[in-house]
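>>> Build me a model from this:
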Amino acid sequence: MKLSKVLFVTPYVGQDTPQSMSFAKFLMTKIQQQGVEVRNLPVSKTINPFVLAGQVKSLRSITREFGQDITVANYGTYTGLLVAMFSRRPRVVIFRGDDLKSTFYLSWIYRNLQLAASHASSFLVDGIICVSHELANLLFVKKPRLICPSPTNLDLFRPMSQEACRKELGWDLNKPIAVFFGYGGREEKRADLAHQVKTHLMSINVDVELKIFIDLIPLNQMPVYLNAADCMLFVSASEGSPNLIRDACACNLPIVSVPVGDVSQVLAEVTPTEIVEPDVPLLSEAVTRLSSLRTRSNGRTRVEHYSGDTIAKRYIEFFSELVSGTYKDKRPA
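Model (predicted):
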């Protein structure tokens, strides 16, 4: 049976905006561009029984109308469980990071309820996608699986003139500048550690400025910030496969990161880059070294295989094998 229709169920927090789950929406667009009809059912992240009942009704309604070949939860937790319990088979869940890891900003009870929902969904679905091997190793069940990160938008994230970008942002044209992005203050991003690095840099009187951005920056503006900077600091405590790392690589921006998620794998052949432990002096020294170089990395050539078209093909192949019943485990024995 040829794959022709895929229904994605995608969660959001608050209002569903273009910025919400943008990487997932980019993937859906790329899959559709390769001739597969795609629908997306947006749902909210909630355990409210009345809201959940409404989501079940919406899922069943769109299934009757669309008649998809496969249903895909774009996240674990309650979204994964919704798809696993109430959608037509075959069913797939995509685990992206904090749906299988401890989530800092949630209470202990709520966090463990989410983890329980993720693991329950993994037993009920027909296939599993994890954005990194680290996440896959957290699962207890052996099911058809694909290890594949989210795609990188190489058309949006691309090398640009640093001078033009700095003029647009009003930054000093000659000063070495590093950047840190706090994703709206999410605790696991560790903005507090970035602030400590900034304070340390100021105390040792080096000619490097660390700009810290806590508020979310519009997606179409991110390439300007990445190209204006000389280095990016990344210190998250928990990640699956952080999109920002690949986005920065696509802009040829040198990176200083802690070892988290699949960062070491993605940056294995990217230079200049440094992966150091979450220690303020070590991070400060690395940021100073890379920023002072005032150069670009070879990152874009190392992330071309994460392009939207390439990742979409891998997803389509996996979905097609599940639909036709021809899946073969390609992992090493």
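>>> And this protein, what are its domain boundaries?
With domains defined by automatic domain parsing, the chain comprises 5-151+307-324, 162-305.
>>> and the shortest one, how far from the chain's centre?
Domain 162-305 has its average C-alpha position 16 Å from the chain's average C-alpha position, going by Cα atoms, centre = their mean, to the nearest Å.
>>> what's the answer for stretch 134-154, then?
Remark: stretch 134-154 is offset 12 Å from the chain centroid, using Cα atoms, centre = their mean.
>>> Let's see the distance spanning it from one end to the other.
Stretch 134-154 has an end-to-end distance of 25 Å (criterion: Cα to Cα, to the nearest Å).
>>> can I get the domains of the chain in CSV with mean neighbour count?
Where you see a C-beta, it was placed from the backbone N, CA and C, and this is true even at glycine. Output for the domains of the chain, formatted as CSV (neighbours: other Cβ atoms under 10 Å):
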stretch, mean neighbour count
domain 5-151+307-324, 19
domain 162-305, 19
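>>> and those domains as JSON lines, adding mean pLDDT?
Shown next, in JSON lines, are the domains of the chain (pLDDT from 0 to 100):
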{"stretch": "domain 5-151+307-324", "mean pLDDT": "90"}
{"stretch": "domain 162-305", "mean pLDDT": "96"}
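>>> Now the residue of the chain most remote from its centre. Its backbone dihedrals?
Among residues of the chain, the one most distant from the C-alpha centroid is residue 205; the distance is 35.0 Å, by Cα atoms, centre = their mean. Main-chain dihedrals, residue 205, degrees, to the nearest 10: phi 60, psi 50.
>>> do the one 4 residues further on as well
Backbone geometry at residue 209, expressed as degrees, to the nearest 10, gives phi -110, psi 130.
>>> Name whatever forms a beta bridge with residue 275.
residue 257 (DSSP bridges).
>>> Thought residue 265 was touching it, still the case?
No. Between residue 275 and residue 265 there is no contact under Cβ atoms under 8 Å: 10.6 Å.
>>> re the thing from before, from residue 288, how far out is the residue farthest from the centre of the chain?
Distance, residue 205 to residue 288, using Cβ to Cβ, to the nearest Å: 11 Å.
>>> next one: residue 247
23 Å.
>>> May I ask which helix or strand encompasses residue 112?
Taking DSSP states H and E as the definition, residue 112 sits inside helix 108-124.
>>> Just want the angle from the helix or strand hosting residue 93 to helix 108-124.
Using DSSP H and E, residue 93 sits in strand 91-95. Orientation check (axes from the mean of the first three to the mean of the last three Cα atoms, to 10 degrees): strand 91-95 against helix 108-124 gives 140 degrees.
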